[in-house]
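Student: Whatever this is, show me its structure:
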Amino acid sequence: MSSRKKLWTALAAGAAAATAAAVYKLAQRRTRGHAAAAPARTPSAKQLERQHFLQDLRQLFKIILPRLWSKEGYLLAIHSTALVARTFLSIYVSYLDGLIVRQIVERNGRQFTIEVLKWFALAVPATFVNSLIRYMESKLYIAFRSKLVKHCYDKYLQNQTFYRVGNLDGRISNVDQNLTEDVAQFCRGVAHLYSQVSKPLLDLSLMMSTLLWHNVRQSESGTLAFTPLLFGGGIVAATGAILKLCSPAFGQLAAEQANREGHLRFVHSRLIQHAEEVAFYNGGPVEAAVVTTAYNSLVQQTNLIFRKRFGYVMLEQFLMKYLWSGVGMVMVAIPALAGKGARVRSVSDRAEAYTLSRNLLVNAADAVERIMTSYKEVAELQGYAGRVADMLRVFDDVSQAKYQRTRDSPCLEYHGVVRNEGSSIVMSNMPIITPANDTLVRSLSLELHPGMHVLISGGNGTGKSSFFRILADLWPAHAGSLIKPPPQHLFYIPQRPYLPLGCLRDQIIYPDTAVHMQEKGISDDDLFHTVLKHAHLQHVVTREGGFDAFGDWKDILSGGEKQRVGMARLFYHKPKYALLDECTSAVSIDVEDQMYQHAKELGISLLTITHRPTLWKHHTHLLQFDGEGGCSFQPFDASTRMSLKEEMDQLESSLAGVPKMQQRLETLKQMLGDSEGDEELDGSDGEL
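Tutor: Here you go, the predicted model:
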């Protein structure tokens, strides 16, 4: 080996050894610093995080890519083919660059023209492949998101999970953020990372193989051909180790940023939901402070990410842009300066070899840079994957009645037994306990059979509506047993009925659709002449232009019309039991009486919460909550009605003169207040 070859080999080996030693010392110092400053950040903890991330990815990939022979698999195959084609096109472009430079050095105009024409001819498939890569990445993102969104919606909208997540479980604060933004960011990150990682790996392997073959052609010895690659590989490995040691926890930072984004969205949606109440109280300044605090918290987290990223990007740019550029020049120079092969004797040969090597190295360096910069994207993907996977785990838990107050609290245990069978409601020794663990009723036992109509009474917060929530399976059974008909035989009508998006027909038959209505053999004429007739809503169909009319029904319909829509749904579905919670408080007494009578004629058993004595005659039993944890269930016969009527009349007669007495009392207070104020002033003057 000549002295010049030995010199270049020694320089490469020495530089690689020095870099490795520096990285080793930095790693030791970093490890000692972490052990002293933050003992919680142990390697085992990092390994546990990595295992959780891989488990989350495995779970989510089973959803977005269930099998290779699927639509998503075909899109992935087309995308992969385009990536491979782009790599081979890049190699051929590097060869064309070398040939063009060669013809320029040799002043061969004819051959130069031919090579340039080849270049322009290659531009057509190259631009097509580049566009295809971006297009397929977008298609993969949409396909992955559609799969994951459908899976999430299926879990979220079944078994009343959408209610239980927000009211019975406390692990997810902003489920809308998880279902929209987090799912979208995760799927976008997966689709982008596939091309961001797979293509650079393919580029790197093919570029390095081509460069090695090219160096062998230039060099007389294999050692000199491998020396530049070993030198470059050592520098790349050292760069990767340094960046890994200095990298912030981008995954945790991104997850926290997404959490604060969700909180800001929640604050805005809450203000929109309660806009009228806030306006009545003139609470704009208070809400402004709440919104501003949420936004400032988000800005603080975003600025923290920017500060962390600033130093990391500066180090990354120094290593990958400037250090690698210098190393690349050395790698290209070693074969050219030390080689004496027959194929590199002329200036044109050297120019072609230099251009080819330089282009291959630039492409390889770009591939390595994309692989290393993808570490940040992988870390951010870890945060989104964790949030989406946690959301799905919570959905599975609450669908199985497993609830937790917080993520670290133990799972709540419920020992009640609920069976959906038969046509009667039998409740035995069952307490009514709120999700906040407040006991409203210590023990409730009753039997309701078809044909029994129950009037439910009691003060506010005594358990009337909570009794309905237990019957509807919204709240879990803490103890005792409950036997009731299946959920489709119990129909709940609140004081303010929910009006979905859709036409007028959708408001009447909710939660059925037009398809369900046709399957039941019910036509629009049946709705108009039977259901709406008894609900006194026929004029609404005429006024709005038919059942297919669309509009914002919460603003179009009056309060009484909304409540009559709720009763129309009851007449349409004809359940065995109706849970009526002040559902006709805005309806006139005569219309209310007719609707209750028609419901009984349809064979519907009524369970009614009301404060109107005019509805007493429609009920056969009385369920009364005393507000102190007790309750009573008894027949609502004539004697019971008479005793309640007498008590009500006595109270009304006793309170008949109260307004006048209160007015006289206020007058006396004002008079005495003025007199006492004058006496106090006189006393003060005397003391002075």
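Student: where does the stretch 101-250 of the chain dip in pLDDT?
Tutor: For the stretch 101-250 of the chain, applying pLDDT under 70 flags the ranges 203-204, 207-233.
Student: where do the helices sit along it?
Tutor: Per DSSP state H, counting those that start in this stretch, the stretch 101-250 of the chain carries helices over the ranges 109-156, 161-167, 175-177, 183-218, 222-246, 250-273.
Student: Distance to residue 509 and mean neighbour count added to these, as CSV?
Tutor: No exception for glycine: its C-beta is placed from N, CA and C like everyone else's. Converted to CSV, the helices of the stretch 101-250 of the chain look like this (distance: least, Cβ to Cβ, whole Å; neighbours: other Cβ atoms under 10 Å):
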stretch, distance to residue 509, mean neighbour count
helix 109-156, 22, 15
helix 161-167, 21, 18
helix 175-177, 27, 19
helix 183-218, 31, 19
helix 222-246, 60, 18
helix 250-273, 26, 17
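Student: quick one: pLDDT of residue 553?
Tutor: As predicted, residue 553 sits at a pLDDT of 91.
Student: Roughly how far does it sit from residue 504?
Tutor: 8 Å (Cβ to Cβ, to the nearest Å).
Student: likewise residue 465?
Tutor: Counting by Cβ to Cβ, the gap between residue 465 and residue 504 amounts to 29 Å.
Student: More neighbours: the two, which one.
Tutor: In terms of neighbours (other Cβ atoms under 10 Å), residue 504 is the more surrounded of residue 465 and residue 504; the figures are 24 against 17.
Student: From what I see, the more buried one and residue 541 are in contact.
Tutor: Yes - at 6.7 Å, residue 504 counts as touching residue 541 under the criterion of Cβ atoms under 8 Å.
Student: and for the two, which residues touch both?
Tutor: Taking Cβ atoms under 8 Å, 6 or more residues apart in numbering as the contact rule, residue 504 and residue 541 both touch residue 547.
Student: what angle separates the strand or helix carrying residue 98 from helix 109-156?
Tutor: For residue 98, the element it lies in under DSSP states H and E is helix 71-106. Put simply, helix 71-106 runs at 160 degrees to helix 109-156, going by axes from the mean of the first three to the mean of the last three Cα atoms, to 10 degrees.
Student: Helix 71-106: which residues count as buried?
Tutor: 72, 75-76, 78-80, 82-83, 85-87, 89-91, 93-103, 105-106 (16 or more other Cβ atoms under 10 Å).
Student: from the chain's centre, how far out does it sit?
Tutor: Relative to the chain's own centre, helix 71-106 is displaced by 39 Å; criterion: Cα atoms, centre = their mean, to the nearest Å.
Student: Just the endpoints, please. Distance across stretch 461-475?
Tutor: 16 Å (Cα to Cα, to the nearest Å).
Student: And stretch 239-257, by the same measure?
Tutor: OK, stretch 239-257 end separation, Cα to Cα: 28 Å.
Student: ok now it, how far from the chain's centre?
Tutor: For stretch 239-257, the distance to the chain centre is 23 Å (Cα atoms, centre = their mean).
Student: next one: stretch 70-85
Tutor: 28 Å.
Student: now stretch 292-301
Tutor: 20 Å.
Student: Over that stretch, what's the mean pLDDT, rounded is fine.
Tutor: Mean predicted lDDT for stretch 292-301 stands at 89.
Student: where's residue 395, which helix or strand?
Tutor: helix 347-399.
Student: just residue 50 next, same as before
Tutor: Here residue 50 is assigned to helix 43-64, by DSSP H and E.
Student: Please identify the buried residues of that helix?
Tutor: Neighbour-count burial for helix 43-64 [16+ other Cβ under 10 Å]: 53, 56, 57, 60, 64.
Student: tell me the contacts of the second one?
Tutor: In this case it means residue 56. Contacts of residue 56 by Cβ under 8 Å, 6+ apart are 385, 386, 388, 389.
Student: any idea of the mean pLDDT in the helix holding residue 395?
Tutor: Mean predicted lDDT for helix 347-399 stands at 76.
Student: what is the rounded mean pLDDT of the helix or strand following that helix?
Tutor: Next along the chain after helix 347-399, taking DSSP H and E as the criterion, comes strand 417-420. Averaging pLDDT along strand 417-420 gives 90.
Student: now what about strand 417-420, what contacts it?
Tutor: With Cβ under 8 Å, 6+ apart, strand 417-420 has contacts from 473, 477, 480, 481, 482, 483, 484, 485, 486, 487.
Student: Helices of the stretch 501-650 of the chain, residue ranges please.
Tutor: Secondary structure of the stretch 501-650 of the chain by DSSP H, counting those that start in this stretch: the helices cover 504-509, 514-519, 524-526, 532-535, 538-544, 553-556, 559-573, 589-601, 638-655.
Student: how about the nearest residue to the spatially most central residue of the chain, chain neighbours excluded?
Tutor: Nearest to the mean C-alpha position of the chain, by Cα atoms, centre = their mean, lies residue 178 at 1.0 Å. Excluding the flanking residues, the one nearest residue 178 by Cβ to Cβ, 6 or more residues apart in numbering is residue 391, at 4.4 Å.
Student: State the number of residues packed around the one you found.
Tutor: With other Cβ under 10 Å as criterion, residue 391 counts 22.
Student: Now do the contacts for it.
Tutor: 152, 172, 175, 178, 179, 182.
Student: State the number of residues packed around residue 514.
Tutor: 15.
Student: Please look at it and residue 505 and confirm they touch.
Tutor: Yes - with contact defined as Cβ under 8 Å, residue 514 reaches residue 505; the gap is 6.5 Å.
Student: List the contacts of residue 525.
Tutor: Contacts of residue 525 (Cβ under 8 Å, 6+ apart): none.
Student: Just the pLDDT at it, thanks.
Tutor: For residue 525, pLDDT reads 91.
Student: For the host helix or strand of residue 297, name the packing helices and strands.
Tutor: Element membership of residue 297, judged by DSSP H and E, is helix 284-317. In terms of contacts (3 or more Cβ pairs under 8 Å, 6 or more residues apart in numbering; DSSP states H and E), helix 284-317 is packed against helix 222-246, helix 250-273, helix 347-399.
Student: In contact with residue 407, which residues are there?
Tutor: residue 171.
Student: Kindly provide the distance from it to residue 95.
Tutor: 57 Å.
Student: Could you do residue 626 as well?
Tutor: To residue 95, residue 626 is 92 Å away according to Cβ to Cβ.
Student: circling back: let me have the helices of the stretch 501-650 of the chain in a markdown table, extended by distance to residue 401.
Tutor: Shown next, in a markdown table, are the helices of the stretch 501-650 of the chain (distance: least, Cβ to Cβ, whole Å):
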| stretch | distance to residue 401 |
| --- | --- |
| helix 504-509 | 30 |
| helix 514-519 | 28 |
| helix 524-526 | 39 |
| helix 532-535 | 36 |
| helix 538-544 | 41 |
| helix 553-556 | 33 |
| helix 559-573 | 26 |
| helix 589-601 | 32 |
| helix 638-655 | 38 |
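Student: How about residue 620, nearest residue that isn't a chain neighbour?
Tutor: In space, residue 620 is closest to residue 453, 5.0 Å off (Cβ to Cβ, 6+ apart).
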